[in-house]
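Peer 1: Mind folding the following:
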Amino acid sequence: MDRLRQRADFLAVANGARVNSPAFVLQSRRRDDFGPIRIGFTVTKKNGNAPERNRIRRRLRELVKRLDPVSMQPHHDYVLVGRRDALSRDFATMLDDLRIAFTKPARHTAQARGQRPGPAPAARRKPD
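Peer 2: Predicted coordinates for the structure are as follows:
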């Protein structure tokens, strides 16, 4: 299992399926290549100062280490977006939440959320 490091990879996964949990959001995207499973971690600034965000990120990394890779789908990229509840939520409960998140069917893709491929709305021109 590899790590996601480039911003473009994180943005590509953000348009894929997502599963919500009180402590995190799991985003996933199927890749067309045959590379290993890749996973990334992100925590926004609204979740606290740097030490709190780092603690959330460390807890998320430990969750993935304890999870068996068999539950992840091959040829996929995953991003765990940490939430503030990850600081206070019981670790065993978070591990169960992550296992459940990986078993839920993929849903809420970009097409299902009503987004259309093509230029952004700001780039479209109004008729004169």
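Peer 1: got the buried residues for stretch 63-80?
Peer 2: For stretch 63-80, a neighbour-count test (16 or more other Cβ atoms under 10 Å) marks Leu63, Val64, His76, Asp77, Tyr78, Val79, Leu80 as buried. In short, each C-beta sits where N, CA and C put it, glycine included.
Peer 1: What about those, which are in strands?
Peer 2: Judged by DSSP state E, strands contain the following of the buried residues of stretch 63-80: His76, Asp77, Tyr78, Val79, Leu80.
Peer 1: and Leu67, what does it touch?
Peer 2: Leu95, Leu98, Arg99, Phe102 (Cβ atoms under 8 Å, 6 or more residues apart in numbering).
Peer 1: Around the third one, how many other residues sit close by?
Peer 2: So that's Arg99. 14 (other Cβ atoms under 10 Å).
Peer 1: now the second one
Peer 2: Applying other Cβ under 10 Å, we find 22 residues neighbouring Leu98.
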